[in-house]
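Colleague: With the sequence up front, the predicted model follows.
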Number of protein chains: 2
Amino acid sequence: MNPTIKDVARHANVSIATVSRIINGLPGYSEDTKKKVEEAIEALGYQPNAIARGLINKRTQTIGVLFPEVSGMLSSEVLEGVENAAHDGGFSVIVCNTASSGKRTVKYLRLLQEKRVDGIIFASEDVTEEYYKIFQEMKVPVVLVSTASHYELPFVRVNDFEGAFQATEYLINKGHKKIGMIGGSVNDPIAGVPRMKGFEEALLAHELPFSANHITTNEGYRFQNGKESLPILLEHLPEMTALFAASDEMAIGAMSAAHQLGIKVPEELSIIGYDNLKIAEMCYPALTTVSQPLKDMGQTAGDILVKLIKGKEKEAESRYMPFSIVERQSVSESRDK
Amino acid sequence: MNPTIKDVARHANVSIATVSRIINGLPGYSEDTKKKVEEAIEALGYQPNAIARGLINKRTQTIGVLFPEVSGMLSSEVLEGVENAAHDGGFSVIVCNTASSGKRTVKYLRLLQEKRVDGIIFASEDVTEEYYKIFQEMKVPVVLVSTASHYELPFVRVNDFEGAFQATEYLINKGHKKIGMIGGSVNDPIAGVPRMKGFEEALLAHELPFSANHITTNEGYRFQNGKESLPILLEHLPEMTALFAASDEMAIGAMSAAHQLGIKVPEELSIIGYDNLKIAEMCYPALTTVSQPLKDMGQTAGDILVKLIKGKEKEAESRYMPFSIVERQSVSESRDK
DNA sequence: GCGTTTTACGTAAACGTTTACGTTTTTATT
DNA sequence: AATAAAAACGTAAACGTTTACGTAAAACGC
């Protein structure tokens, strides 16, 4: 099959140890033999076998990434960042689609354990006790992205409470007083609760009324959720002039519903989203939104993981990434300012 | 570190051969010892080492997937399909972002070779001679998705000529006579030329005029390309009432430009796209488009690859996937029908 | 109860590397 | 020129499996 280090050694009339040394840049050979060996490698088209290396080095130069869905626009941007960082650090990445299923997640973790990955990026939902135990068993570094947990695991994410707070404040500063929110799930400690809390606190901080009527909650964060939420919200809050959606997809869903209802955006209803996905600038009117640096987040998570694997850092530093509000065309000044 | 098969053997008072047989379901042991061994496995929390297995079996149960960009919505849907099929077949997938760079692609192929992946899914651009040579060196099955080549490699894709032809015909059947196209690159033998050719042939088949003025070509297939193309096209073809874009992103870019120019879609300008990305149904008006079954394509490509690896099929069957036109709100009947 | 087949194991080599250790050769030192 | 030190290289064990082969015990046939 493929030529091995043995073949190279024979071809160059040296021992396999010498070949190995040359390949790995270790000292212990003359320039002459180095040239000979390199020629042999060239001649045979030798490629080191990473599997054999992995076996003896106990390092596979591979990391695993777990996502609840790989085709989501959010995940895919994060993934691109992770892949980038990994590649730069000399690692390959195995993608795992947990499909938000606990069973699948566990199955994948076991698989990654068998494959002896050197580290894990976990972008799926909550870290359950079961997952955490497996992490410990595996004894490899783990970094969370867009997630957190009450366990001591490094994470990379934005401050969702702050993001939501500022988004809401942005609307308030535009003169809006009747503001609604399309929220996520009350069971979601990451994107759900903090964003709703941020919304609420911003209203309260500016002495605007707040009640449960101001928020619709949803199971997911998809287009359809947003589309279905708008009518409900309008029923509870007929005089609403502005809207904060906990995700861009929901914001755009709401925009779509508004179009159908003949409500003009932003003239009659201002909408601000959350995420800054690529679609945010593609829809009409272009969506004003809270920008999460998704690709950067993936990249940073990857970088941190690589450092941890290489043992450069002992303690893992968590990172809150900066967010910003990118102004486009879906928000306007309130008329009754 | 982790317990090995040796530890299990010792713990159960048998040889490692027996343990191996039990793990792999091979015959050659009594029920009694099986139970003993299974208890030992349980007690020690033993996990087989896939690296050691890979070394001796010359099978890593891993495939590599090469994409020109992983965060593109097209790629990510395909990826999801691939991952699904791979997982079902007992394989992990390593993602590689070639970033449309030949250097990077080659580097990745070498890496995958070192890691001894069992197969490759190639979704990047053209298969150059260099790539093809590496494929042959690697001696692993390769399947192309959304691409083709003049080499003998199995592919999974839709018939782009036909798709474009029917998209155009769809507009014609709606009564449109002045139809323009926002096309891709003339150097792109996949999504570029065939779609433009299909457009042209459809026009000709219905005895409508055609000239170079009817098409703007672009380097890429992105939103921005479409947005910039519309004004150019309108200049060449002022009476245009309908438009075929070679990608959804470009179609939506054109829609965005139309909004800005005060052109009503679909009343004054009908637009049909190509791909059926998720954004197609999120924009306003929702985009009528040629649907490529992206996830399915990924899945099928994955299935074929797995079969090839397992040696169930000798000859690789290429597959043209069915496309369809999904009607939404961006196309209307022509007024001057 | 004896030979024969079958079943249930164990032994050891192999997969392709890395690396500790030993050996030989070269260079430096006096 | 003899000795010491350094450089250049080889030998062999190890990583954790699978598997061909061998052997002992059990089951079978008569």
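Modeller: Thanks, I have the structure now.
Colleague: Secondary structure element holding A:Val93?
Modeller: Assigned by DSSP states H and E, A:Val93 belongs to strand A:92-97.
Colleague: how far out from the middle of the chain is that strand?
Modeller: Between the mean C-alpha location of strand A:92-97 and the chain-wide mean there is a distance of 13 Å, by CA atoms, centre = their mean, to the nearest Å.
Colleague: What residue, apart from its backbone neighbours, is nearest the residue nearest to the spatial centre of chain A spatially?
Modeller: Note on chain A: the residue nearest the mean C-alpha position is A:Val78, at 4.0 Å, using CA atoms, centre = their mean. Using CB to CB, 6 or more residues apart in numbering or on different chains and skipping residues adjacent in sequence, the residue nearest A:Val78 is A:Gly298, 3.9 Å away. All C-beta spots, glycine's among them, are computed from the backbone N, C-alpha and C.
Colleague: burial measure for that neighbour, as a count.
Modeller: Here the count is done by other CB atoms under 10 Å in any protein chain shown, and A:Gly298 has 29 residues near it.
Colleague: repeat for A:Glu333
Modeller: By other CB under 10 Å, 12 other residues sit near A:Glu333.
Colleague: Now do the same contact list for it.
Modeller: For A:Glu333, the contacting residues are A:174-175, taking CB atoms under 8 Å, 6 or more residues apart in numbering or on different chains as the criterion.
Colleague: A:Ile271 now?
Modeller: The contact partners of A:Ile271, taken as CB under 8 Å, 6+ apart, are A:242-243, A:245, A:251, A:254-255, A:258, A:265, A:287-288, A:330-331.
Colleague: and with 10 Å instead?
Modeller: Residues in contact with A:Ile271 (CB atoms under 10 Å, 6 or more residues apart in numbering or on different chains) are A:171, A:182, A:226, A:230, A:242-245, A:250-252, A:254-255, A:258, A:265, A:285, A:287-289, A:330-331.
Colleague: shouldn't A:Glu249 be in contact with A:Gly184?
Modeller: No: the pair formed by A:Glu249 and A:Gly184 falls short of the contact definition of CB atoms under 10 Å, at 11.1 Å.
Colleague: Only the buried residues of the helix or strand containing A:Leu203, if you could.
Modeller: Element membership for A:Leu203 (DSSP H and E) is helix A:193-205. Residues of helix A:193-205 classed as buried by neighbour count (16 or more other CB atoms under 10 Å in any protein chain shown): A:193-196, A:198-203.
Colleague: Point out the residues in chain A that sit beside DNA strand D.
Modeller: For chain A, the contact set with DNA strand D under CB under 7 Å from any atom of the strand comprises A:13-18, A:27-30, A:32-33, A:52, A:55-56, A:58.
Colleague: With adjacent residues omitted, what lies nearest to A:Ser247?
Modeller: On the basis of CB to CB, 6+ apart, the spatially nearest residue to A:Ser247 that is not a chain neighbour turns out to be A:Tyr221, at 3.9 Å.
Colleague: Which residue ranges of the stretch 1-150 of chain A form helices?
Modeller: Listed in chain order, the helices found in the stretch 1-150 of chain A under DSSP state H, counting those that start in this stretch are A:5-12, A:16-24, A:31-44, A:50-57, A:73-89, A:102-114, A:129-138.
Colleague: who touches both of A:Glu249 and A:Gly184?
Modeller: The contact sets of A:Glu249 and A:Gly184 overlap at A:220-221, A:225, A:274 (CB under 10 Å, 6+ apart).
Colleague: Sort out which of those are in helices and list them.
Modeller: Counting by DSSP state H, the shared contacts of A:Glu249 and A:Gly184 place A:Asn225 in helices.
Colleague: quick revisit: quick one: strands adjacent to the strand holding A:Val93?
Modeller: When pairs are called by DSSP bridges, strand A:92-97 turns out to pair with strand A:62-67 (parallel), strand B:92-97 (antiparallel).
Colleague: Those: which one's closest to A:Glu129?
Modeller: Between A:Glu129 and the strands paired with strand A:92-97, the tightest spacing by CB to CB is seen for strand A:62-67, at 16.5 Å.
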